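Visitor: Pasted the sequence and its predicted model underneath.
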Amino acid sequence: MTRLVRLRLDLSYDGTDFFGWARQPGRRTVQGVVEEALNRVLRLDPPARLTVAGRTDAGVHARGQVAHVDVPADAWARVADTLVRRLSGLLPPDVRVWRVAVAPDGFDARFSACARCYRYRVCDHPVGVDPLRRRDVLWYPRPLDLDRMNAAARLLLGEHDFAAYCRRREGATTVRRLLELVWERDADGYAVATVRADAFCHSMVRALVGALLAVGDGRRPVEWPAAVLAGRQRDPGVTVVPALGLTLEEVTYPPDDQLAARALESRRLRTLSEG
């Protein structure tokens, strides 16, 4: 039997011209492009398949994405010292693999993760976005009050059923623990939301941002996003903002000796305790 080795890949990409992370027939995806290059360098048959920490949607960017792949140990040994450089020669300029290394025992890019951190960038300057940032910053035509937005964001922290801010998937839980949600102005004057959670459900970050923008421009009261959350169903008043302003910045993991336990815990279907 062929001995396999698990590799961890750290990568980034501009999601503008991708149909998201997940491989789809006939569409250009990050997974498809990276797998094609990886299988070509390693000469794998059957081809290897990547498991990713966060399956980003079409148009979403990543600076700190993490994936793993299981490959034959002898194939890895042949290219261990040159794999990253050779991948750079094959990959298109909108995706880079920065590091490939043997993963520690128990590592699973998806299930071992403790948290994912996203940032959403918004320009509320009346003239618009710097043309050089048009692919990763959303222009918002109304001035934003970040103090109001942060007051509303604090009411959303903790473990809740985020069904009101998620696109439901059959058999999947919408219970998540929101660890951080804060707005700040960066050096360019953009309003930047940092959103950190143990995991996210589909469209959750963009829906949260949309609700908070409505607070920031004065159309909704500070308490409104929390009231939507408590309702546990999609509210037509919540706008899911476009993907272009969203970037996966970081995925964090526990110490190596806790990776397997964390993966086991992550697979447990979570529910909120009643009473």
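Guide: Cool, the structure landed. Numbering: from 1, shown residues only.
Visitor: Touching, A260 and P104? I think so.
Guide: No - the pair A260 / P104 is not scored as a contact, 9.6 Å apart, by C-beta atoms under 8 Å. Just so you know, the C-beta spots here come from the backbone N, C-alpha and C atoms, and that holds for glycine as well.
Visitor: Contacts only, for the residue lying closest to D235 once chain neighbours are set aside.
Guide: In this structure, D235 finds its nearest non-sequential neighbour in V228, 4.7 Å apart by C-beta to C-beta, 6 or more residues apart in numbering. Contact partners of V228, counting by C-beta atoms under 8 Å, 6 or more residues apart in numbering, are 164-165, 211, 235, 237-238.
Visitor: What is the neighbour count of A260?
Guide: 17 (other C-beta atoms under 10 Å).
Visitor: What strand or helix carries it?
Guide: Counting by DSSP states H and E, the element that carries A260 is helix 259-266.
Visitor: ok, now R268?
Guide: With DSSP H and E as the test, R268 turns up in no helix or strand.
Visitor: In terms of helix, strand or coil, where does A62 fall?
Guide: Recorded secondary structure, A62: strand (DSSP: H, G, I helix; E, B strand; the rest coil).
Visitor: OK, contacts around it?
Guide: 11-13, 15, 30, 54, 56, 247-248.
Visitor: before we move on, back to that, now the helix holding A260: mean pLDDT?
Guide: Mean pLDDT, computed over helix 259-266, is 92.
Visitor: And for stretch 115-135?
Guide: 96.
Visitor: Please identify the buried residues of it?
Guide: Residues of stretch 115-135 classed as buried by neighbour count (16 or more other C-beta atoms under 10 Å): 116-124, 129, 135.
Visitor: What of stretch 99-116?
Guide: Those would be 100, 103, 106-114, 116, for stretch 99-116 by 16+ other C-beta under 10 Å.
Visitor: Tell me which entries of those residues lie within strands.
Guide: Among those, the members found in strands (DSSP state E) are 100, 116.
Visitor: Looking at the buried residues of stretch 99-116, which two lie furthest apart in space?
Guide: Greatest spacing in the buried residues of stretch 99-116, by C-beta to C-beta: V100 and C114 (21.8 Å).
Visitor: Tell me if I am right that V5 is in a strand.
Guide: Yes - assessed with three-state DSSP, V5 lies in a strand.
Visitor: Going by neighbour count, list what's buried in the helix or strand N39 falls within.
Guide: Using DSSP H and E, N39 sits within helix 30-42. Neighbour-count burial for helix 30-42, counted by 16+ other C-beta under 10 Å, picks out 30-35, 37-39, 41-42.
Visitor: Same check on stretch 62-76?
Guide: So, applying 16+ other C-beta under 10 Å, buried residues of stretch 62-76: 62, 64-69, 71-72, 75-76.
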